[in-house]
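Visitor: Fold the following and give me the result.
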Amino acid sequence: MAVHDNLMSERISISVINSIEIKNKNFEGSKFKQFIAAIAASICVLSSGVILIWGGPILLMLRKNPVSIENPFVRPISNEEISWIGGFTTVGSMFGCLAPGYLADRWGRRAALLSTAVPFLVSWTLIFLAKRIEILFLARFIAGLAISFSYALVPMYIGEIAEAPIRGILGSFFQISFNLGLLLPYVIGPFVPYGNYCIICATLPIVFFVVFFAMPETPYYLAAKGRKEDVIKVLAKLRGKSREAVEKEANEIQVAVQEAYSKKAKIIDLFKVKANLKALIICCSLAALQQLSGINFFLLYLEVIFASVGTNDSISTTLQTIIVALIQLFSSFVNPLVVDCLGRKILLIVSGIGTSLSLAALGFFFYLKESKQNDGSNISWLPISSLIVFMIAYNIGLGPVPWTVMGEMFSQEVKFKATIITIFICRFTSFIIVKYFINVVDAFGLCTAFWSFGVVCFLSIPFAVFILPETKGKSLKKIQDELMSR
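Guide: Next comes the predicted model:
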């Protein structure tokens with residue numbers, strides 16, 4: 001009898017221990033599905049990077065005289081036309097930024113993101129078929145519409161599905177995917193026929209649609225539509241937890257969303273409410289600093305810049321371009337590893353120091369060359385070294401931090417309107433750089449352009465020190481409370 005009682009006691013103890021372990025596991029959860037959802041959404045950003053830099057690796061070919069057999073326009077294109085190939089993309093982005101917030105609110109974040117596959121595919125079809133430069137301009141305008149969707153919706157989607165401890169890491173996927181998209185054209189474009197190049201690139205939005213179709217809607221959007229049961233289901237799926245484990249978070253989201261939507265915010269509330277105005281100024285300033293660093297100028301004209309160096313005969317311009325693009329991609333992985341450890345401020349400071357110093361060195365090289373004080377042959381290593389340092393420093397802070405912060409700082413009731421304004425500022429400053437800095441180069445030389453970019457990068461340092469609030473590890477509500485009280 002005693003033996004039987006002991007066996008029963010042991011079985012009960014084991015059962016209790018197993019029950020506790022299962023319960024702890026259900027409450028601990030897993031972040032795996034959040035990573036999968038963020039990666040799937042970021043394929044849209046990858047598509048944006050590819051279509052944005054599509055012309056970069058083939059500009060030299062399109063400018064050739066006599067005309068290359070790969071040039072579909074049967075004539076060399078001018079510098080003015082080259083500037084509009086990039087310029088129309090940014091113009092499209094400026095117009096396109098008006099729609100994502102509205103569609104995300106009406107259709108949901110998931111459906112709005114899936115819809116970006118349409119303008120992507122239309123643009124690639126026109127690029128493939130274009131025999132006149134005007135058709136290419138139209139294709140680039142439509143590409144800009146698609147890019148503006150990804151810029152606005154992907155940070156919003158990731159910010160709303162992610163838990164606070166990993167929001168910075170998941171937010172950094174934006175820059176990694178974008179940089180991978182910048183690399184692919186330089187790896188593919190110079191080595192395949194024009195038509196095949198367009199077809200390969202056009203597969204990416206199809207891949208995005210197929211992969212992202214299986215991803216869930218964000219709990220914030222579901223809460224806004226009063227679908228509490230769906231909020232719990234989605235949270236349980238994303239967090240890898242039981243219903244009981246996510247009910248508290250679901251209730252918090254429901255309360256936050258109800259408070260936000262009960263206010264029925266208007267555009268004027270962005271400027272009247274202290275927290276909203278601060279968030280808007282910070283995010284718009286970060287977006288402007290990012291673009292005024294000259295990043296799109298470098299990405300679009302990278303091979304042209306190396307061709308202008310003209311002193312490094314041991315490495316072709318194509319290979320130098322691929323090296324810089326590879327460095328840009330691999331350096332993107334630094335930010336996710338440290339953003340939730342070191343925080344946003346310190347990364348922006350380090351980034352500002354690195355980018356400004358590298359651009360000062362790059363400008364110095366072209367100053368010597370353009371003033372004929374030195375042909376650059378004895379320092380031919382300086383341009384590629386400076387650009388490598390610039391890309392690494394940019395991807396530590398200036399590249400990813402604005403997108404991470406944009407997904408964190410706006411309250412629910414003004415997020416759509418604020419996103420429109422921020423993306424518009426981003427694309428407008430990008431247009432100024434892409435379209436008109438070619439004229440600056442023609443009038444004053446590359447050294448003036450690079451030093452101008454360097455000054456902007458330096459200004460990001462005091463901005464990070466004195467203005468940017470730290471959002472590391474804070475809930476969206478806590479960030480809003482601090483903005484209101486600061």
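
Visitor: hey, let's count contacts and neighbours off CA atoms from now on
Guide: Will do.

Visitor: tell me what the helix or strand harbouring Val50 is packed against?
Guide: Using DSSP states H and E, Val50 sits in helix 32-52. With contacts taken as 3 or more Cα pairs under 8 Å, 6 or more residues apart in numbering; DSSP states H and E, helix 32-52 sits against helix 133-161, helix 164-188, helix 194-212, helix 228-239.

Visitor: Using neighbour counts, pick out the buried residues of that helix.
Guide: 33-52 (16 or more other Cα atoms under 10 Å).

Visitor: Low-confidence ranges, the stretch 51-200 of the chain, go.
Guide: 60, 64-70 (pLDDT under 70).

Visitor: Ignore what I typed, I meant the stretch 301-450 of the chain.
Guide: For the stretch 301-450 of the chain, applying pLDDT under 70 flags the ranges 310-314, 375-376.

Visitor: can you pull out the helices in it?
Guide: 317-331, 334-342, 344-370, 381-396, 401-409, 415-444, 446-466 (DSSP state H, counting those that start in this stretch).

Visitor: okay, Tyr261: pLDDT?
Guide: Predicted confidence (pLDDT) for Tyr261: 65.

Visitor: how far is stretch 471-485 from where the chain is centred?
Guide: The gap between where stretch 471-485 is centred and where its chain is centred comes out at 22 Å by Cα atoms, centre = their mean, to the nearest Å.

Visitor: could I get that stretch in PDB with only the CA atoms?
Guide: The C-alpha atoms that make up stretch 471-485 are tabulated as PDB, following Å, rounded to 0.1, in the frame of the first residue of the first chain:
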ATOM      1  CA  THR A 471      13.000  54.700 -27.900                       C
ATOM      2  CA  LYS A 472      15.000  51.500 -27.200                       C
ATOM      3  CA  GLY A 473      12.900  48.900 -25.400                       C
ATOM      4  CA  LYS A 474       9.900  51.200 -24.800                       C
ATOM      5  CA  SER A 475       6.300  50.400 -25.600                       C
ATOM      6  CA  LEU A 476       4.500  52.600 -28.100                       C
ATOM      7  CA  LYS A 477       2.400  54.100 -25.300                       C
ATOM      8  CA  LYS A 478       5.500  55.000 -23.100                       C
ATOM      9  CA  ILE A 479       7.100  56.700 -26.100                       C
ATOM     10  CA  GLN A 480       4.000  58.900 -26.500                       C
ATOM     11  CA  ASP A 481       3.900  59.700 -22.800                       C
ATOM     12  CA  GLU A 482       7.500  60.800 -22.900                       C
ATOM     13  CA  LEU A 483       7.000  62.900 -26.000                       C
ATOM     14  CA  MET A 484       4.200  64.700 -24.200                       C
ATOM     15  CA  SER A 485       6.100  65.300 -21.000                       C
END
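
Visitor: how about that stretch: buried residues?
Guide: So stretch 471-485, judged by 16+ other Cα under 10 Å, has buried residues 471-473, 475-477, 479-480, 483.

Visitor: Could you measure from Leu153 over to Ala443?
Guide: Relative to Ala443, Leu153 is positioned 38 Å away (Cα to Cα, to the nearest Å).
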